[in-house]
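Give me a 3D structure for the following:
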Amino acid sequence: MNMKAAFMLGVALFFLAPGAALPAGAASDFPYTVVFYSGRNGNKDIYLQRPGEKEPRRLTDQPGDDLCPAPSPDGKRIAFLSDRGGNMDIFSMKIDGSDVRRLTSTPEDEEHPEFTPDGRRILFVRDFGQRTEIWVMNADGNDPRRLTHGDARDERPFLSSDGTKIIFMSNRDGNYEIYAMAADGGDARRLTNTPEWEIFPTWSPGGGEIAYARKFRGRDGRMQGMIRVMNSDGTNDRAITAIETRDENAMWSPDDRHIVFQSVRDGNFEVYRMDRDGGDPVRLTDDPAWDGWAAFVPSVCPTSEEVAFATFVSDPEQERAVASLVRSLRERGGRWSGSRVYVVTSDLAKLPCASSRREGVEVLPLEMDPAFLGYPLALKAFAAAQVESQIRERAATLIWLDPGVLVLAPPANLVLTAGADVAVRPVTLANTIGLPPGSAPNEYWRPIHAACGLDFRALPALTTIADGVPVQPYYNCEAFSFSPRLGLAVEWARLLAQLLKDADYQETACTTFLRKLFLHQAVLSAVITARVDPGRIRALPLSSGYPFSQHDRLPEGKKAASLDGVSVVIFDRAWQQDPEWLKRVPAGAPLRSWLAIVYGDFLAAGKGK
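Numbering: from 1, shown residues only. Alright, predicted model coming up:
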């Protein structure tokens, strides 16, 4: 590998200090497969780190250097660079290292291979010395086509999930900046413009955000780098790593929950992972040699067949809202856009949900005692139980989304992976319902706690989202998920029915509208607390159930800077109550345009009804 290519690929070694010890279980506790390359055995080879395995598996082992692994979207193959044939060419192999195939054979070096989201093509860079160009070819190496021309160095191309845009780094205007262009190479537009180098851009799975590295000289003169994230149009640019070290080469997990990157923060280059917002960084590799250029293997994330969605309809307005919800999932759900959706309607004749009926959507008549229909939101528990019973052995995650919720990006945090049985967050407001931690249950909560076998003295404390009130477990159930194999929804419906039939409880405890309105939520909270180990309850970030209607009441530190960073938004009735809703929270132009179209169709569907 020549020095120029090595530099552009980020293969500069730094030995600043002895490496810190790898945290116990850091790699084995991480529920994702990661592929990377390392120089730990002399020359550079490609390795695979699976969950539960302490040592990575070596996939390549021959005298040349094998670099820059790029897994296919189905997780079955890996494209990579190798100089085993003389200069740097692109090869592919199965995920176990077998069936190696050479895809390019040219006098020039090839760099930066990346599969397109459909897995049918590979984007790559061809190096002509002083200039590089972005090319695309079929996944088998046939039909190579040039996409960029000129004297600049255009590098590290990535195609968006919808197949319409390519982001890349280029020095065409001086120093390296991030650009976006059409999939055919036209209409290039610069997204960053700073004195530093902006390098190694990658799309988020939903296409709403871009992660990249900013490279600069630190105060000590050494090269440093930080990982940053911006909206797809270049707005809302912010740092998610900021320590004085060199972080670069960020790659999103297919479920949009994590980012892997390489860093010298502990001495030499190692592979790290962190939450998508930069929190909880953990080192995944520990070797004196260079480890880097890591990527997630998509197949370890739950597929659309393993995830189901459920919602309900009880009036014409909700019928239209659910049509928008289903549309948002199909158009912006990414990996889970094809998941099955169950719509439970209170009246199949009057509310047939015709506009929601499309492939993969099943409309079910509600199975509930009609006497409960007049009780606010009680049908949610029975609808959830009905769907849970139907899919119990067929899906690993059931995601419940109320009417008035939209999916803006892949709902990754709602998809359960190893170590989680429920994904939920505290309520937005205490609303006089939540009890202070350590206090004995009142007449409203006492029968609920008794039925679930809860001891108030042993309950954990939560904090409500908007008003910051400490409360005993009290969860929001407008957007949450759970394993249908646990029977939580069936128990939720059973206990709620018991309380609804208890005339004395209704007369003495459910004395206010709020107590009636949130009884279903209180019962669900108790069921989750009683039946799920606290360590298996995933705390949902606000971006996975953002309370849009309460945006103005949120503390400044919790308000969304842009809807582009939100995967699931709870509009509730904001569409109906506030004609200027689109101005309340910023959004990049593509998302804003999409929201305006969906909102317009929602309004149009209601005319004349």
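
So the residue nearest to Gly278 when sequence neighbours are not counted versus Pro281, what's the distance?
Nearest non-adjacent residue to Gly278, counting by Cβ to Cβ, 6 or more residues apart in numbering: Ile240, 3.1 Å away. Yep, even glycine has a C-beta here, placed from its N, CA and C like the rest. Ile240 sits 10 Å away from Pro281, going by Cβ to Cβ, to the nearest Å.

Between these two, which contacts overlap?
Each of Met274 lies in contact with both Ile240 and Pro281 under the rule Cβ atoms under 8 Å, 6 or more residues apart in numbering.

just checking, the residue nearest to Gly278 touches Ala213?
No: in this structure, Ile240 is not within contact of Ala213 by Cβ atoms under 8 Å, at 10.8 Å.

More neighbours: these two, which one.
Ranked by neighbour count (other Cβ atoms under 10 Å), Ile240 and Ala213 place Ala213 first, with 27 against 20.

Quickly find the element holding that one.
strand 209-217 (DSSP states H and E).

Show me what that strand is packed up against.
The contact analysis (3 or more Cβ pairs under 8 Å, 6 or more residues apart in numbering; DSSP states H and E) places strand 209-217 against strand 197-203, strand 223-231, strand 247-252.

Mind checking the pLDDT average for the shortest one?
Which is strand 247-252. The pLDDT scores in strand 247-252 average 92.

now do stretch 564-574
89.

residues of that stretch that come out buried?
Residues of stretch 564-574 classed as buried by neighbour count (16 or more other Cβ atoms under 10 Å): 564-572, 574.

for stretch 87-106, same thing?
Going by neighbour count (16+ other Cβ under 10 Å), the buried part of stretch 87-106 is 87-93, 95, 97, 100, 103-104.

which among those gets closest to Arg531?
Of all the buried residues of stretch 87-106, Ile95 has the smallest distance to Arg531: 36.9 Å, by Cβ to Cβ.

Now do the phi/psi pair for the closest one.
Here is the backbone geometry of Ile95 (degrees, to the nearest 10): phi -60, psi -20.

Look at the nearest residue to it once chain neighbours are set aside and say how many residues are nearby.
Sequence neighbours aside, Lys76 is the residue nearest to Ile95 in space, at 5.9 Å (criterion: Cβ to Cβ, 6+ apart). Residue neighbour count, defined by other Cβ under 10 Å, stands at 14 for Lys76.

For Gly207, see how far away Lys76 is.
Using Cβ to Cβ, we find Lys76 at a distance of 23 Å from Gly207.

now Pro436
43 Å.

Between these two, tell me which one has more neighbours.
Counting neighbours by other Cβ under 10 Å for Pro436 and for Gly207 shows that Gly207 has the greater number, 24 against 11.

residues in contact with His551?
559-560, 584-585.

Turn the residues you listed into CSV, columns for pLDDT, neighbour count and distance to Asp247.
Shown next, in CSV, are the contacts of His551 (pLDDT from 0 to 100; neighbours: other Cβ atoms under 10 Å; distance: Cβ to Cβ, whole Å):
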residue, pLDDT, neighbour count, distance to Asp247
Lys559, 88, 14, 27
Ala560, 86, 20, 24
Arg584, 88, 13, 34
Val585, 89, 18, 29
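
Pick out whichever of those sits closest to Pro410.
Each of these was scored against Pro410 by Cβ to Cβ, and Ala560 proved nearest at 16.9 Å.

Just confirm the closest one contacts Ser544, I think it does.
No: under the criterion of Cβ under 8 Å, Ala560 is not in contact with Ser544, lying 11.6 Å apart.

got any residues that touch both of Ile240 and Ala213?
Shared contacts of Ile240 and Ala213 (Cβ under 8 Å, 6+ apart): 227-228.

Skipping adjacent residues, who's closest to Pro195 in space?
Counting by Cβ to Cβ, 6+ apart, Pro195 lies nearest to Asn175, which is 7.0 Å off, once chain neighbours are set aside.

Shouldn't the one you found be within a strand?
No: with DSSP: H, G, I helix; E, B strand; the rest coil as the criterion, Asn175 is located in coil rather than a strand.

list the contacts for it?
Residues counted as contacts of Asn175 (Cβ under 8 Å, 6+ apart) are 195-197.

Buried ones among those residues?
Neighbour-count burial (16+ other Cβ under 10 Å) applied to the contacts of Asn175 gives 196-197.

So which residues of the stretch 351-500 of the chain form helices?
Using DSSP state H, counting those that start in this stretch, the helices of the stretch 351-500 of the chain run over 379-391, 446-452, 488-501.

so which of the ones you listed gets nearest Tyr599?
helix 379-391 (24.4 Å).

tell me the mean pLDDT for that closest one?
Averaging pLDDT along helix 379-391 yields 96.

The closest residue in space to Val471 that isn't next to it in sequence - how many residues pack around it?
Closest residue to Val471 apart from its sequence neighbours, by Cβ to Cβ, 6+ apart: Gly434 at 3.3 Å. Here the number of neighbours of Gly434 (other Cβ under 10 Å) works out to 24.

Could you verify my assumption that Gly434 touches Asp467?
No: applying Cβ under 8 Å, one finds Gly434 not in contact with Asp467, separated by 9.7 Å.

Need the pLDDT of Ala27.
Per-residue pLDDT puts Ala27 at 43.

Revised request: answer the last question for Asn43.
As predicted, Asn43 sits at a pLDDT of 88.

And Thr417, by the same measure?
Per-residue pLDDT puts Thr417 at 73.

just Gln472 next, same as before
Note for Gln472: predicted pLDDT of 95.

List the contacts of it.
By Cβ under 8 Å, 6+ apart, the neighbours of Gln472 are 434-437, 439, 456, 459-462.

Could you dump these into a markdown table with pLDDT and distance to Arg146 added?
Listed next are these as a markdown table, based on pLDDT from 0 to 100; distance: Cβ to Cβ, whole Å:
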| residue | pLDDT | distance to Arg146 |
| --- | --- | --- |
| Gly434 | 92 | 61 |
| Leu435 | 94 | 66 |
| Pro436 | 95 | 66 |
| Pro437 | 95 | 64 |
| Ser439 | 95 | 69 |
| Phe456 | 95 | 69 |
| Leu459 | 95 | 63 |
| Pro460 | 93 | 59 |
| Ala461 | 94 | 60 |
| Leu462 | 93 | 56 |
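
Closest to Asn268 out of the contacts of His551?
Taking Cβ to Cβ as the measure, Asn268 sits nearest to Ala560 out of those, at 37.4 Å.

What segments of the stretch 351-500 of the chain are strands?
Remark: strands assigned in the stretch 351-500 of the chain by DSSP state E, counting those that start in this stretch are 361-365, 397-401, 405-407, 422-424, 462-463, 470-471, 479-482.

can you list those in a markdown table and add mean neighbour count?
Output for these, formatted as a markdown table (neighbours: other Cβ atoms under 10 Å):
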| stretch | mean neighbour count |
| --- | --- |
| strand 361-365 | 16 |
| strand 397-401 | 26 |
| strand 405-407 | 26 |
| strand 422-424 | 24 |
| strand 462-463 | 16 |
| strand 470-471 | 18 |
| strand 479-482 | 26 |
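
Which of those sits closest to Ala509?
Closest among the strands of the stretch 351-500 of the chain, using Cβ to Cβ: strand 470-471, at 17.8 Å.

Just to be sure, Ser593 is in a helix?
Yes: counting by three-state DSSP, Ser593 is found in a helix.

Could you give the number of residues near it?
For Ser593, using other Cβ under 10 Å, the count is 11.

Equivalent analysis for Asp369, please.
Using other Cβ under 10 Å, Asp369 has 11 other residues around it.

Let me see the backbone angles for it.
The phi and psi torsions at Asp369 (degrees, to the nearest 10) take the values phi -60, psi 120.
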